[in-house]
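Asker: Sequence first, then the predicted structure, then my questions.
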Amino acid sequence: MVRRIKLVSRVLNSETEVRAPADEDQARRRRLPLPGEVTVPPADVYETGEEIVVELELPGVSEKDVQVQLFAGRIEVTGLKRELSAHEGSRFLRLEREFGAFRREVAVPAAFDAGRARAILANGVLTVTLRKPPRRTRDVNIKSRRPGE
């Protein structure tokens with residue numbers, strides 16, 4: 001049986017742990033996924049004049065194992081990182097990579113056109129591009145009101 005070790009990047013910074021009050025430290029630890037639970041991939045969100053872009057780190061994940069769902073004001077990315085088979089006759093000296101289900105919800109700060117969304121998985125990064133709807137202007141007729149009308 002292979003024992004899974006959590007990623008080093010998921011370990012809280014020791015300086016933060018020392019400075020944090022005990023109850024805040026315990027709350028932070030509860031938010032980290034336990035072995036077998038769903039992991040949360042890191043994400044970046046930025047916007048340009050025409051687009052909102054969400055990038056998630058998904059190293060070793062295949063396109064067929066990722067689902068992107070669009071909702072009003074947020075997107076949800078779920079999937080599975082499949083475990084690689086061990087080389088025959090070998091034994092692990094260190095095993096830090098995580099495998100299994102992942103899920104990430106990302107709030108989208110502006111309206112977007114769901115029909116024009118794109119998702120590309122390349123080099124271990126999922127890039128979801130959401131096009132903003134065009135700004136619409138409308139002329140308003142001004143009517144003058146005269147006393148007695």
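Answerer: Noted; the coordinates are in hand.
Asker: pull the longest strand from this protein.
Answerer: Using DSSP state E to define each element, the chain has its longest strand at strand 113-122.
Asker: elements contacting the very next helix or strand once past that strand?
Answerer: Downstream of strand 113-122, the next assigned helix or strand under DSSP states H and E is strand 125-131. Under the contact criterion of 3 or more C-beta pairs under 8 Å, 6 or more residues apart in numbering; DSSP states H and E, strand 125-131 touches strand 51-57, strand 66-71, strand 74-81, strand 113-122. To be clear about C-beta, it is placed using only N, CA and C from the backbone, and glycine gets the same treatment.
Asker: one step back: export the longest strand of the chain to PDB, keeping only CA atoms.
Answerer: Included here for strand 113-122 are C-alpha records, laid out as PDB according to Å, rounded to 0.1, in the frame of the first residue of the first chain:
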ATOM      1  CA  ASP A 113     -21.500  36.200 -22.600                       C
ATOM      2  CA  ALA A 114     -21.700  32.400 -21.900                       C
ATOM      3  CA  GLY A 115     -22.200  31.600 -25.600                       C
ATOM      4  CA  ARG A 116     -18.800  33.000 -26.400                       C
ATOM      5  CA  ALA A 117     -16.800  31.300 -23.600                       C
ATOM      6  CA  ARG A 118     -13.600  29.300 -24.400                       C
ATOM      7  CA  ALA A 119     -11.600  26.900 -22.400                       C
ATOM      8  CA  ILE A 120      -8.100  25.700 -23.400                       C
ATOM      9  CA  LEU A 121      -5.900  23.200 -21.400                       C
ATOM     10  CA  ALA A 122      -2.200  23.600 -22.400                       C
END
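Asker: Walk me through which strands it pairs with, and which way each runs.
Answerer: Counting by DSSP bridges, the strands paired with strand 113-122 are strand 125-131 (antiparallel).
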